[in-house]
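> Next comes the sequence, and after it the predicted model I'd like to discuss.
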Amino acid sequence: MEIHRGRAEIVSPHEVKVNGKTYSVKHILVATGAWPYVPPLPGFEHAITSNEAFHLERLPQRAVVVGGGYIALEFASIFNGLGVKTQLSYRGKRLLRGFDAELGERIAEEMTAKGVEVCLGCEPAAMRKVKDGSLEIEFTDGRLQKADLVMLATGRRPNSAKLGLEQAGVSIAKDGAIVVDRYSRTNVESIHAIGDVTNRINLTPVATAEAMWLARTLFRDEPTPVDHESVPTAVFTDPNLATVGLSEEKARERHGEVDIYKASFRALKLTLTEKKERTFMKLVVDRQSQRVVGAHMIGADAGEIIQGVAIAVKLGATKAQFDATIGIHPTAAEEFVTMREKAS
């Protein structure tokens, strides 16, 4: 039974109550996702989150987007692209924590060149409405700034509250994530969980894959653990950013010595225009095995390109095999098979 609407509550390892009616089931799957987190700070109730961003009655003239992850960068690009004076405020020293460090630095440069004001080390402490209807934001350094709209992209929390999980004996982590094993099973054998509510890799295609792996385990008698190795992902900023495999930092931790190959160039199609946007590509190679363990890109169609490269990374292709592949000219993608000089 799949529940799309209505109030559902787990009342025992094999019982679910929906709108007052109790159903007996063999398996229970929790896939309730995550919910935007709003810090409990003064005046933050005046801000919006990604939930409300698509229901604005009018376009603001000035917007401040708070955060440094996927959602923050994408909405900052959207607002900026619509002509809104946009500031991206992030408390950290670089954007996209957890990604290759160079990607975070370079995407900040590209977004700045596109017109987004990127403010690093900027953390709002409070906000208030003023007489003209705008918002005044107070930052932790005492600086004040006005905006017509503030969007908080300060993380998402697993949507696990009020589901009856505790009374069913299911273990919940401090951040609200449902604790599961590599087969997406909780500590209660009949209850499973997938997707953002488990706070593993919070991407829609990953949740879909987890569902397929679980279905094989439960209904085909084919025990299939989750496979979160070399998951490709894209951030749909302007310009796009995409990545698969290990960052340079993670690769050094896991493999020790690595070879780094980089390319930075202005796309051929832009040479007759005034646009200065640069494409950046990076390959991370395990020096001992010569396997390509990470591929990263900033530039037009980065998601489309990395999706294809991800197959090679997933299959364990070596740098020599990348080199032996003939490039398609003139494309940006051919740079992934023509990089010969080590950056480090």
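That came through, no problem.
> how many neighbours does Val284 have?
Per other Cβ atoms under 10 Å, the neighbour tally for Val284 reads 25. For every residue, glycine as well, the C-beta is placed using N, CA and C.
> Sorry, slip of the keys, the one I care about is Ile201.
Neighbour count of Ile201, defined by other Cβ under 10 Å: 16.
> Same check on Lys85?
Quick note: Lys85 (other Cβ under 10 Å) scores 16 neighbours.
> What are the neighbouring residues in contact with it?
With contact set as Cβ atoms under 8 Å, 6 or more residues apart in numbering, Lys85 has these partners: 61-63, 117.
> tell me the helices in the stretch 51-200 of the chain, going along the chain?
Ranges of helices in the stretch 51-200 of the chain, per DSSP state H, counting those that start in this stretch, are 70-81, 101-114.
> Please identify the deepest-packed of those helices.
Highest mean neighbour count among those (mean count of other Cβ atoms under 10 Å): helix 70-81, with a mean of 22.
> tell me the pLDDT at the spatially closest residue to His228 that is not a sequence neighbour?
Once flanking residues are discounted, His228 sits nearest to Ile201: 5.3 Å by Cβ to Cβ, 6 or more residues apart in numbering. Predicted confidence (pLDDT) for Ile201: 97.
> Ile201 is in contact with Val231, isn't it?
Yes. Counting by Cβ atoms under 8 Å, Val231 is a contact partner of Ile201 at 5.7 Å.
> Output the longest helix belonging to this protein.
The residue-count maximum for a helix in the chain (DSSP state H) belongs to helix 204-219.
> Excluding sequence neighbours, find me the nearest residue to Ala47.
With Cβ to Cβ, 6+ apart, the residue lying closest to Ala47 is Val150, at 4.2 Å.
> actually Trp35, sorry about that
Per Cβ to Cβ, 6+ apart, closest to Trp35 is Asn159, 4.8 Å.
> what number of residues lie near the one you found?
With other Cβ under 10 Å as criterion, Asn159 counts 17.
> So which residue is dead centre in this structure?
Centroid check for the chain by Cα atoms, centre = their mean gives Tyr70 as the closest residue, at 4.6 Å.
> Strands of the stretch 201-344 of the chain, start to end?
Using DSSP state E, counting those that start in this stretch, the strands of the stretch 201-344 of the chain run over residues 233-235, 241-245, 258-265, 279-286, 292-298.
> that older thread, let me have the helices of the stretch 51-200 of the chain in TSV, extended by mean pLDDT.
Shown next, in TSV, are those (pLDDT from 0 to 100):
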stretch	mean pLDDT
helix 70-81	98
helix 101-114	97
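> And Gly137, how far from Arg94?
Gly isn't right for residue 137; it's Ile. 22 Å (Cβ to Cβ, to the nearest Å).
> circling back: my guess is the residue nearest to Ala47 contacts Leu135, does it?
Yes. Val150 lies in contact with Leu135 (Cβ under 8 Å); the separation is 5.5 Å.
> The two - which one has more neighbours?
Legend: neighbour count by other Cβ under 10 Å for Val150 and Leu135, higher for Val150 (25 against 20).
> Name whatever forms a beta bridge with that one.
Beta-bridge partners of Val150, counted by DSSP bridges, are Val64.
> gap between it and Gln61?
Applying Cβ to Cβ to Val150 and Gln61 gives a distance of 13 Å.
> got it, and Ile28?
To Gln61, Ile28 is 48 Å away according to Cβ to Cβ.
> Show me which of those two is the more surrounded one.
For Ile28 versus Gln61, the count of surrounding residues by other Cβ under 10 Å is larger for Ile28: 25 against 12.
> show me the contacts for that one.
10, 13-14, 16, 190-192.
> give me the number of residues near the nearest residue to Ala101 once chain neighbours are set aside?
Nearest non-adjacent residue to Ala101, counting by Cβ to Cβ, 6+ apart: Glu249, 6.1 Å away. Neighbour count of Glu249, defined by other Cβ under 10 Å: 15.
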